[in-house]
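Q: starting from these lines, generate the structure:
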Amino acid sequence: MSIIRVAAGALGGLALLAATAVQAQAQMASVEAPAARVTADLQVLAADSLEGRGVGTAGLDAAAAYIARAFEESGLAPAGNEGYYQVFEISPTAPGVAHTNLGGSVVKNVVGVLEGRGSLADEVVVIGAHYDHLGYGGGFSLDPDSAGVVHNGADDNGSGTAALLEAARILGARTDTEQRTIVFIAFTAEELGTIGSQYYAANPTHPGDRTYAMVNMDMVGRLQNDSLIVIGVGSAPELPGIIDSLNQNYGFVLSSQEDPWGRSDHSSFYAHQIPVVHLFTNVHEDYHRTTDDWEKINVEGVAKIARFAADLTWTLAQRGDILTYVEVPKPAPPQQGGRRASLGTIPDMTDSPGGVRLTGVRSESAADEAGLRAGDIIVQIGDHEVKDLMGLQQALMAHQGGDVVTIVFLRDGERMETTATLR
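A: Predicted coordinates:
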């Protein structure tokens, strides 16, 4: 998530954008292959005409209209305060809009529901994904000098939104005599600090104290070698067994992380004592950059994850036993020390092998010039030990751009050192 300033799109263009989205939706309805449906969704959601789906743009409203139409066609009933829309105003005091002109912006979550049946009907399973992105860039874009350029956010989070729409199609065709209500939510303003999901969790359209679990999909578009990261399994002791059992039908190479806190929408629900699962396919070099385009998405992978998420949601909706909420302390935020220095590494989020393993480094970055490469495990930066990603963030927060630091890392089991000039 990022604090950004976006250029407000001309609201007069909203009708044209919405009409284009509806037309694409109608064309998509005739396509039967799941990967083709995902492709059609992404071509709309990550099109330049949707202006990076930034808060304050007509493109974000056009995306909402497209999602609402897809919910309706999947058989979901409207569950917002204005049809499918849960409309609200971003508080001018929200930390994520500090130093921007976005305070007071009117935004909308898109909410659809499949009503439950039988004795479980008054309980709720939420499945969601955020549909906003960075708009025209801003302070937290990772592309230098990219202000005013559309950031399409195909993976972040067009991929999760497309997976949500596909899961709605799958689950919209299912019924049982005993099932919990399933609420589908496309969240807004996640990039400004999970504002949309926090608003829904505090103002649920179905009773929050009866919410059984929440499934989140954020950045599921870069599946490689069937490696899927499942975050938040420590929020209930029953979750690992449920997920492992379900995966027997899918064959994902699962990397499970217990921590249910994180910079995505599931954390808003966990804060309300709701067990959560976040599906994720790892970070990559296009994250928060203008190069995150739909052509780079593994659409077959998104379709497979959508099926997995739908089956997980259905399993949770039918399960008779309780989920036992586990309280996990929230990690302390990194110590403040000015703007965090940049190293230019791409961390591997699948595990913490006594440090931070790299999946790559950005070209011409400090890490690149220092000779770091994919597979290296950073264990120390300057005087700061690095045991995990939080440790890496704290080490960088303690330095400024231009600082020269010694980096200790492991390569093929050998402890090595290099010197880097941070940016």
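Q: center of this structure, which residue is that?
A: For the chain, residue 218 is the residue whose C-alpha lies nearest the centre (CA atoms, centre = their mean; 2.3 Å).
Q: which residue, other than its chain neighbours, is closest to that residue?
A: Leaving aside its sequence neighbours, residue 218 sits nearest to residue 264 (CB to CB, 6 or more residues apart in numbering; 4.4 Å). Any C-beta I mention is one placed from the backbone N, CA and C, and that applies to glycine too.
Q: now the end-to-end length of stretch 355-369.
A: End-to-end span of stretch 355-369 (CA to CA, to the nearest Å): 21 Å.
Q: wait, residue 51 sits on residue 61?
A: No: using CB atoms under 8 Å, residue 51 is not in contact with residue 61; the gap is 10.0 Å.
Q: ok, back up a step: for the residue nearest to residue 218, give me its contacts.
A: By CB atoms under 8 Å, 6 or more residues apart in numbering, the contact set of residue 264 is 1, 130, 190, 194, 216, 218, 278.
Q: ok, of those, which one's closest to residue 398?
A: Distance to residue 398 across the contacts of residue 264 (CB to CB) is lowest for residue 1, with 22.0 Å.
Q: re the thing from before, now the residue nearest to the centre of the chain: how far from residue 413?
A: 33 Å (CB to CB, to the nearest Å).
Q: again with residue 369
A: Residue 369 sits 24 Å away from residue 413, going by CB to CB.
Q: repeat that for residue 182.
A: Per CB to CB, residue 182 is found 47 Å from residue 413.
Q: same question, residue 296
A: In terms of CB to CB, residue 296 sits 33 Å off from residue 413.
Q: likewise residue 378?
A: 15 Å.
Q: comparing these two, which shows the higher neighbour count?
A: Applying other CB atoms under 10 Å to residue 378 and residue 413 shows that residue 378 carries more neighbours, namely 22 against 6.
Q: which residues of the protein score low on pLDDT?
A: 1-32, 208, 332-340, 349-351 (pLDDT under 70).
Q: domain ranges for this protein?
A: Per the record, the chain has its domains at 11-318, 345-421, by automatic domain parsing.
Q: would you format these as CSV with distance to residue 326 included?
A: Converted to CSV, these look like this (distance: least, CB to CB, whole Å):
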stretch, distance to residue 326
domain 11-318, 6
domain 345-421, 20
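Q: just name the most buried of those domains.
A: Neighbour counts (mean count of other CB atoms under 10 Å) averaged over each of the domains of the chain peak at domain 11-318, with a mean of 21.
Q: now do the helices in the stretch 1-150 of the chain.
A: All helices of the stretch 1-150 of the chain, identified by DSSP state H, counting those that start in this stretch, fall at 14-29, 34-45, 58-73.
Q: from residue 116, how far out is the nearest residue to residue 174 once chain neighbours are set aside?
A: Excluding its sequence neighbours, the residue lying closest to residue 174 (CB to CB, 6+ apart) is residue 314, at 6.4 Å. Applying CB to CB, the value for residue 314 to residue 116 is 12 Å.
Q: name the residues contacting each of the two.
A: With CB under 8 Å, 6+ apart as the test, residue 314 and residue 116 both reach residue 179.
Q: follow-up on the earlier one: shouldn't the residue nearest to residue 174 be within a helix?
A: Yes: counting by DSSP: H, G, I helix; E, B strand; the rest coil, residue 314 is located in a helix.
Q: thank you, goodbye.
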